[in-house]
Each structure stands twice: as C-alpha cells, then as structure tokens.
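**Student:** Sequence below, structure please.
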Amino acid sequence: MTHSPDDARRTTGDSPDYAALFEKTPGLYLVLDTSFVIVAANDAYCAATMTVRADIVGRPLFQVFPDNPGDSSADGVQNLRASLLKVLKTRAPDRMAIQKYDIERRGIGGFETRYWSPFNIPILGPDGYVKWIIHTVEDVTELAVERDRHNELRETLRTQARG
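**Tutor:** Residues are numbered from 1 along each chain as shown. Here you go, the predicted model:
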C-alpha cells in the first residue's frame, strides 16, 4: 500500500515545511531568479562555500561569488553565466564540465582554490518560461587536485624517460 503526502498530513495534521526541508537537504543547492539573484541557499551550500544565508540571499550571484582577482586565467563567472543563459534560452537543464571556481575566504581574506561539478536546472512557471534556476554543485576539489598530481607525475616520468 502506498501513501501520499495527503495521507501524511491527515495523520500528522501538519503540512510539510518545504523551506525547512530544503535548507536541510544534504546536496549543495542555490536557487536563483532569472536575473541571477540568489533567492535561497541550503545549509550544505553555505557550509561548502563559506557563506552565511542571510548575507547572500537577495544579492546578485556574481557579486557574492566573483572570479578570483589574483588568478588572471579565472573563467568561472564567464562559464557559469553562459550556462545560466543557456538554461534560460533552452528551458532545459545544463550540466557543466568540472569548473575551477575559487571561493573567497570571508573574514580571513584571499581565495581558496576549489573545483566544482555544476548542474543548472530550470523551474518553469505556469507560462512555460523559466521562473527559477536551481544551481547545484558537487565539490570535486580533492579529485581534481589528485588528477593534476597524477598528470604532473606522468609528465615528469615522460620527461625523464626521454632525457
């Protein structure tokens, strides 16, 4: 026998608090409006990005998460903006390639190198157009750093074999 959410409400008398459920989900989730302003962030996302929900909600995404000014090759803002624009245009999810996108160390100063696997998902309104975008990421920094070490070791061995 299956139970519906209505069955649960009848037995408990309460409707689920979807905001509380969202905030406690284990994945890293951010919700953006179509102008890329942050409208919601869950606890896991805030912990992973060293931010505080009250400090980021209501602010433009790229103001909260700028490129690292100390990295002239930083392209995180450009790549993420392109993906979000694609989601708005196609109304389809967009999985990005692994992205180096450093995180500002608030209160400490500087930036911390991070690698992410981002996925942007449109939420359509009744008119069929994008109303919200769920931006979810997986922190793959350890994997990316290990991959880079492996590639450096392989190149060193190749150079030594030629020498």
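**Student:** Only C-alpha atoms from now on, for both contacts and neighbour counts.
**Tutor:** Noted.
**Student:** Can you show me the helices along the chain?
**Tutor:** 5-12, 18-24, 43-48, 53-56, 61-64, 76-90, 141-162 (DSSP state H).
**Student:** Quick one: closest of those to residue 98.
**Tutor:** Among the helices of the chain, the nearest to residue 98 by C-alpha to C-alpha is helix 141-162 (8.5 Å).
**Student:** Going by neighbour count, which residues of the closest one are buried?
**Tutor:** Neighbour-count burial for helix 141-162, with 16 or more other C-alpha atoms under 10 Å as criterion, is recorded at 141, 144.
**Student:** pLDDT of that helix, averaged?
**Tutor:** For helix 141-162, mean pLDDT rounds to 82.
**Student:** how far out from the middle of the chain is it?
**Tutor:** The chain centre lies 28 Å from the centre of helix 141-162; the measure is C-alpha atoms, centre = their mean, to the nearest Å.
**Student:** All further residue positions should be reported with the first residue as 40.
**Tutor:** Got it, the first residue is 40 from now on, which makes the last one we talked about helix 180-201.
**Student:** Which neighbouring elements make contact with it?
**Tutor:** strand 154-163 (3 or more C-alpha pairs under 8 Å, 6 or more residues apart in numbering; DSSP states H and E).
**Student:** quick one, the strand it packs on and helix 180-201 angle?
**Tutor:** 140 degrees (axes from the mean of the first three to the mean of the last three C-alpha atoms, to 10 degrees).
**Student:** Now do strand 154-163, average pLDDT.
**Tutor:** Strand 154-163 shows a mean pLDDT of 98.
**Student:** is it true that residue 123 touches residue 157?
**Tutor:** No: with contact taken as C-alpha atoms under 8 Å, residue 123 and residue 157 are classed as non-touching, separated by 10.7 Å.
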